[in-house]
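J.: Give me a model of this one.
(one chain, ligands or ions: 1)
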Amino acid sequence: MAEFVRVADIADIPDPGKTLVEVDGDMVALFHVGGTFYAIDDVCTHDGGPLADGELRDYKIACPRHGAKFDIRTGAALSMPAVRPTRAHDVKVEEGGVWVRLRSAAGAGGPPLHGAIAVPVVPTSTCCTPAASREAGGSTAESTGAGGPLCEDRVREMLKEVKDPELFVNIVDLGLIYGVTLSPAADVPGKQHVSIDMTMTSPACPAGPQLIADTKRAVGASPEVSAVEVRIVMDPPWTPDRMTEAARDQLGIF
Ligand code: FES
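T.: This next block holds a predicted model:
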C-alpha cells in the first residue's frame with residue numbers, strides 16, 4: 001500500500017481553498033473546506049480536465065472545461081458530462097502538515113480518511129435513482145400511435161434519433177426533453193408547428209448547438225411538420241436521475 005506523503009503545511013491552504021500537489025508522481029487536487037482537507041485526482045473523468053483549476057463551491061468542484069461537478073469528499077461525479085467518479089485519496093493532518101496517501105482506484109477501500117475530523121458519509125453517486133419519467137419504459141409502437149396523426153409520443157420517438165455526440169445516448173433517454181407541444185400551423189393547413197423544451201446536461205455544454213440543430217432536423221424531416229422551435233430550459237436543472245434505465249445501462253451506471 002502507498003505511504004502518506006506530506007504535501008503542504010496546514011497554513012498554506014485557506015479555508016475554503018484548494019491547491020494542486022504532486023503525490024508519488026500523480027497530480028492531486030487538495031481542498032480545505034469546513035476545517036477538513038480532502039484530496040481527489042486532478043483529472044475530470046469526462047475528458048481529463050484539470051479539476052484543481054475549477055470553481056469550488058461548498059463540497060463541489062466544477063471542471064473548468066465543460067462544467068461537470070464532483071464531490072470533493074468522495075470523488076463522485078455529480079453532473080454530466082462526467083458519469084464516473086474520480087479517485088478520492090486518504091488525507092490526514094499531522095505535525096502541522098497535510099498528508100495524502102494515494103488510493104489505487106476510484107471508490108476503493110471505503111471512505112477517505114480525514115485526520116481526526118468526522119465526516120458525514122455521502123452517496124458515492126447521484127446517478128442511481130430509477131427514473132419515474134414517462135421515458136423510463138420507452139414508447140411502444142402501439143402507444144406512439146405510429147401511422148396515426150402526429151402526436152407528442154411520435155415526436156419523442158423521432159427525437160430518439162438525436163444522440164449526445166459525447167455520450168452516444170439519445171436525448172430522450174438522457175432526460176433532456178422537458179416538453180413537446182404541437183399546434184396547427186397557421187400558414188400551412190394540415191401541418192403542425194412543434195415546440196420543444198429541451199435542457200442541457202450543463203449550462204456550458206459544448207454539444208448544445210449541435211443538439212439543437214439535430215433536433216430540428218430530426219423532427220422537421222416529418223412531412224407533417226411545418227416548423228420546429230427549440231427552447232433551451234435550464235430550470236429545473238438537469239440531474240442524472242432524469243436518465244432512463246436504458247441510458248444508465250448504456251453508460252454503465254448502476
Ligand atoms: S473535461 Fe471535465 S467536463 Fe469535460
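
J.: Tell me how many other residues surround the closest residue to the ligand within the stretch 101-250 of the chain.
T.: With C-beta to the nearest ligand atom, the shortest gap between the stretch 101-250 of the chain and the ligand falls at Ser202, namely 7.5 Å. From N, CA and C alone the C-beta is placed, and that goes for glycine too. Using other C-beta atoms under 10 Å, the number of residues around Ser202 comes to 22.

J.: Quick check: closest non-adjacent residue to it.
T.: Nearest non-adjacent residue to Ser202, counting by C-beta to C-beta, 6 or more residues apart in numbering: Gly67, 3.7 Å away.

J.: Could you do Asp58 as well?
T.: That would be Val33: by C-beta to C-beta, 6+ apart, it lies 7.0 Å from Asp58.

J.: Could you report the distance from Val228 to Gly190?
T.: 17 Å (C-beta to C-beta, to the nearest Å).

J.: Which residues of the protein lie near the ligand?
T.: For the chain, the residues in contact with the ligand (C-beta under 6 Å from any ligand atom) are Cys44, His46, Asp47, Gly48, Gly49, Cys63, Arg65, His66, Gly67, Ala68, Pro81, Ala82.

J.: roughly how far apart are the last one and Asp241?
T.: The spacing between Ala82 and Asp241, counted by C-beta to C-beta, is 15 Å.

J.: how about the strands in the stretch 51-200 of the chain?
T.: For the stretch 51-200 of the chain, the strands defined by DSSP state E, counting those that start in this stretch occupy 55-57, 60-62, 69-71, 88-94, 97-101, 177-184, 192-198.

J.: Could you say which of those is packed most deeply?
T.: strand 69-71 (a mean of 24; mean count of other C-beta atoms under 10 Å).

J.: contacts for it?
T.: Residues outside strand 69-71 that contact it (C-beta atoms under 8 Å, 6 or more residues apart in numbering) are 40, 44, 51, 59-63, 76-79, 82, 85-86, 122.

J.: neighbour-wise, which of these leads?
T.: Result: Leu51 is most packed of the contacts of strand 69-71 (other C-beta under 10 Å), 31 neighbours.

J.: Show the contacting residues for the nearest residue to that residue once chain neighbours are set aside.
T.: Among residues not flanking Leu51 along the chain, Ala29 sits closest, at 4.8 Å (C-beta to C-beta, 6+ apart). Residues in contact with Ala29, defined by C-beta under 8 Å, 6+ apart, are Lys18, Thr19, Leu20, Ala39, Ile40, Asp41, Asp42, Leu51, Ala52, Ile61, Ile72.

J.: quick one: Ala29 from Val93, how far?
T.: 17 Å.

J.: if I look at His89, how far off is the ligand?
T.: 19 Å (C-beta to the nearest ligand atom, to the nearest Å).

J.: Leaving out chain neighbours, which residue sits closest to the most centrally placed residue in the chain?
T.: By C-alpha atoms, centre = their mean, the chain has its centre lying nearest to Met80, at 1.5 Å. Nearest non-adjacent residue to Met80, counting by C-beta to C-beta, 6+ apart: Thr201, 3.1 Å away.

J.: Please look at the one you found and Leu78 and confirm they touch.
T.: No: using C-beta atoms under 8 Å, Thr201 makes no contact with Leu78, being 11.4 Å away.

J.: ok, back up a step: and the pLDDT for the residue nearest to Ser202?
T.: Confidence at Gly67, expressed as pLDDT, is 83.
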